[in-house]
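Trainee: Prediction below, plus the sequence it came from.
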Number of protein chains: 2
Amino acid sequence: MKHKQAILASYKRIAPYIHKTPVLSSLGINDICETNLFFKCENFQKMGAFKMRGATNAILQLTKDQRSRGVVTHSSGNFAQALSLAAKSLGVTAYIVMPENAPQVKKDAVLGYHGKITICKATLEAREATSAQIAKETGATFVHPSNDIDVIYGNATAGLKFLQEKPNLNMVIAPVGGGGLLAGTALATHYFGNNCVAIGGEPSAVDDAYRSLQSGKIEVNTNTNTIADGLRTNLGDINFPILQKYVDKIICVDEASILEAMKLIYERLKIVVEPSSAVALAVVLRNKKHFENKQVGILLSGGNVDLQKLPY
Amino acid sequence: MKHKQAILASYKRIAPYIHKTPVLSSLGINDICETNLFFKCENFQKMGAFKMRGATNAILQLTKDQRSRGVVTHSSGNFAQALSLAAKSLGVTAYIVMPENAPQVKKDAVLGYHGKITICKATLEAREATSAQIAKETGATFVHPSNDIDVIYGNATAGLKFLQEKPNLNMVIAPVGGGGLLAGTALATHYFGNNCVAIGGEPSAVDDAYRSLQSGKIEVNTNTNTIADGLRTNLGDINFPILQKYVDKIICVDEASILEAMKLIYERLKIVVEPSSAVALAVVLRNKKHFENKQVGILLSGGNVDLQKLPY
């Protein structure tokens, strides 16, 4: 019940700062998948991804004194932008540690939201050390992109709103990378669903979360060869126990399935999503029997894709 | 007033067969364009374009006897799909005349909606002659994609719903190709707007409608070199007088502007539109002073784009 109240309170807290995102359907995709699919469109969320929810929630939980000293994170992806924009909206300074190989387009996006970038070597150690150094020097509070309970509660509000609009969903599928979205979604299905389960979708190439649930400890990836660039990260000690307790299962999909699902979303739903978002639909495409005649929620995580790199 | 009643009646007639499409906005695009833009998303319409409105309206105006003999049109684009799907929904046979150079993807789409395809030479004369022959043999009623008053009234319902949702629009910009959407939009702004004017957006490469309004007679294009493949057709004797009477002006834009506008729509609105839809936003991008601090409606005509041919 602690989680339930925390998620409801988080929604109340962040609602003025986020978009209400629509739930879309396509009869064409339903025919192809032989089930009933509902897509929660967090690609339409502010800055283009669900990450805005968790970032906003984490900053709003800080004291006035903490806010005056800023926040710091390390991310080359959507969380860097989310924390920057959330901080800007709330008059807080955001320090963003980015690896030296981060694409210019991502740096530009952070700068566009007034984030203060520090470049470091492209290793997890360097990212963590640089973040710690900035926190020490500035007094900024470190906010982890996925392994932070307030970030997880913020993310859970996507599932909360999804289930309020579609209370009869039998399952919600969310992509799993760092684990922050799937943990939030699993809490939402548990506390706000009507016998609804949470399923994770993960690229086979980076199946660390799948293996972690199997082995009972946090596993890591030996390579990151997936088009779903938002899902290359590993789980953390805060979200992993939530996944263990509340996630029904994680299903892995190959790269061809992800591309096929992404194409379907573009062609049938007429919306722009990033490859990571297509992973959840790929799970249904490759396991039709499992989802037959169910009410299936698909959490589309974001729409920040480099159009130059579309796989068409 | 005849037009006004006809448009209201058309909406009542087609409402059960079409989608309600949303109106989207983007603060980012507003900042770039220095105005307030509202996008009516007919890319989310059934079969992916506004054409569904006019096609459905035209079939619903036929007698039971006429419906039993089917409908026929010539089109290689969205109207072929729209008439096929509308006919299928209403239990009517649709004969579609397509030029021999029509892409397979478009033929497949028509077949997917159970349209009966006849292939002919890729000239307007061949298309018209083949359609006339089919009409004669089958007794099917010919429905022109843009030069038909019931199609125009059906198209006008997009503007009607747009203005009901956003009654304070100062102008609505629609792309102009065959003239059916702009004619409908102009009637809608005239009868349902609050001092709202209709503006046409046209690629400079196929500026026949612009020149027609200048010269007072229907002009044709000498080439069709534009990415906006839905806008290569010419006006007709039914829609042209409506454009002359009710359209404020037509503004032409170059190909680079169309591409820039299309990219903005993908990146900021996160939706998939076809190049023709981007023409209306390109008009604002290139004429910011004209639209400064106005409430500007942009009619996004459709989202049927060949992803293999995205210009990125």
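Mentor: Looks like it arrived, so ask away. Numbers count the residues shown, from 1 in each chain, chains lettered A, B, ... in the order given.
Trainee: Can you report how many residues lie near A:Lys12?
Mentor: Around A:Lys12 there are 10 other residues, counting by other C-beta atoms under 10 Å in any protein chain shown. The C-beta positions use only the backbone N, C-alpha and C, and glycine is treated the same way.
Trainee: swap in A:Lys107?
Mentor: Neighbours of A:Lys107 (other C-beta under 10 Å): 17.
Trainee: isn't it right up against A:Val97?
Mentor: No: checked against C-beta atoms under 8 Å, the pair A:Lys107 and A:Val97 is beyond contact range at 11.8 Å.
Trainee: any common contacting residues for those two?
Mentor: Residues within reach of A:Lys107 and of A:Val97 at once, by C-beta atoms under 8 Å, 6 or more residues apart in numbering or on different chains, are A:Ile117.
Trainee: any idea which helix or strand carries the residue positioned nearest the centre of chain A?
Mentor: By C-alpha atoms, centre = their mean, chain A has its centre lying nearest to A:Leu181, at 4.3 Å. Under the assignment given by DSSP states H and E, the secondary-structure element containing A:Leu181 is helix A:180-192.
Trainee: and what of A:Cys252?
Mentor: Using DSSP H and E, A:Cys252 falls within strand A:247-253.
Trainee: Just checking: what are the partner strands of that strand?
Mentor: Neighbouring strands of strand A:247-253 in its sheet, by DSSP bridges, are strand A:197-203 (parallel).
Trainee: Could you report the distance from the residue in the stretch 1-150 of chain A that chain B sits nearest to to B:Thr21?
Mentor: The nearest approach of the stretch 1-150 of chain A to chain B comes at A:Asn43, 4.8 Å away (C-beta to the nearest C-beta). Taking C-beta to C-beta, to the nearest Å as the criterion, A:Asn43 is separated from B:Thr21 by 18 Å.
Trainee: Surely A:Ile32 is in contact with A:Glu267?
Mentor: No: under the criterion of C-beta under 8 Å, A:Ile32 makes no contact with A:Glu267, lying 10.8 Å away.
Trainee: Buried ones in the helix or strand bottoming out on mean pLDDT in chain A, by neighbour count?
Mentor: In chain A, no helix or strand scores lower on mean pLDDT, DSSP states H and E than helix A:104-112, which sits at a mean of 90. Residues of helix A:104-112 classed as buried by neighbour count (16 or more other C-beta atoms under 10 Å in any protein chain shown): A:Lys106, A:Lys107, A:Ala109, A:Val110.
Trainee: what's the following helix or strand after whatever helix or strand A:Val284 lives in?
Mentor: When elements are assigned from DSSP H and E, A:Val284 belongs to helix A:275-286. Heading C-terminal from helix A:275-286, the first helix or strand you meet, by DSSP H and E, is helix A:288-291.
Trainee: could you dump that following helix to CSV, C-alpha only?
Mentor: As requested, the backbone C-alpha atoms of helix A:288-291 are provided in CSV (Å, rounded to 0.1, in the frame of the first residue of the first chain):
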residue,chain,number,x,y,z
LYS,A,288,0.4,-14.3,-30.9
LYS,A,289,-1.0,-17.4,-29.2
HIS,A,290,0.0,-16.0,-25.8
PHE,A,291,-2.0,-12.8,-26.4
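Trainee: Now tell me what touches it from outside.
Mentor: A:Cys33, A:Glu34, A:Thr35, A:Met171, A:Val284.
Trainee: Pop out the phi and psi values for A:Asn155.
Mentor: phi -60, psi -40 (degrees, to the nearest 10).
Trainee: ok, and the closest non-adjacent residue to it?
Mentor: A:Gly184 (3.3 Å; C-beta to C-beta, 6 or more residues apart in numbering or on different chains).
Trainee: The one you found contacts A:Phe162, doesn't it?
Mentor: No: using C-beta under 8 Å, A:Gly184 makes no contact with A:Phe162, being 11.0 Å away.
Trainee: Looking at those two now, which is surrounded by more residues?
Mentor: Shown here are A:Gly184 and A:Phe162; by other C-beta under 10 Å, A:Gly184 has more neighbours (35 against 28).
Trainee: any idea how far that one is from chain B?
Mentor: Counting by C-beta to the nearest C-beta, to the nearest Å, the separation of A:Gly184 from chain B is 21 Å.
Trainee: contacting residues around that residue?
Mentor: For A:Gly184, the set of contacting residues under the criterion of C-beta under 8 Å, 6+ apart consists of A:Ile7, A:Gly54, A:Ile152, A:Tyr153, A:Gly154, A:Asn155, A:Ala156, A:Thr157, A:Ala158, A:Gly159.
Trainee: CA atoms of stretch A:9-29 as PDB?
Mentor: This file holds the C-alpha atoms of stretch A:9-29, laid out as PDB (Å, rounded to 0.1, in the frame of the first residue of the first chain):
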ATOM      1  CA  ALA A   9       0.700  11.200  -4.700                       C
ATOM      2  CA  SER A  10       3.300  11.300  -7.500                       C
ATOM      3  CA  TYR A  11       0.600  11.800 -10.100                       C
ATOM      4  CA  LYS A  12      -0.900  14.700  -8.200                       C
ATOM      5  CA  ARG A  13       2.500  16.200  -7.800                       C
ATOM      6  CA  ILE A  14       3.600  16.000 -11.500                       C
ATOM      7  CA  ALA A  15       0.300  16.500 -13.300                       C
ATOM      8  CA  PRO A  16       0.700  20.300 -13.800                       C
ATOM      9  CA  TYR A  17       4.100  19.700 -15.500                       C
ATOM     10  CA  ILE A  18       3.400  16.900 -17.900                       C
ATOM     11  CA  HIS A  19       1.100  16.200 -20.900                       C
ATOM     12  CA  LYS A  20      -1.900  13.900 -20.800                       C
ATOM     13  CA  THR A  21      -1.000  11.400 -23.500                       C
ATOM     14  CA  PRO A  22      -3.600   9.600 -25.600                       C
ATOM     15  CA  VAL A  23      -4.300   5.900 -26.000                       C
ATOM     16  CA  LEU A  24      -4.500   4.800 -29.700                       C
ATOM     17  CA  SER A  25      -5.700   1.700 -31.400                       C
ATOM     18  CA  SER A  26      -5.500   0.300 -34.900                       C
ATOM     19  CA  LEU A  27      -7.900  -2.300 -36.300                       C
ATOM     20  CA  GLY A  28      -5.300  -3.100 -38.900                       C
ATOM     21  CA  ILE A  29      -2.700  -4.000 -36.200                       C
END
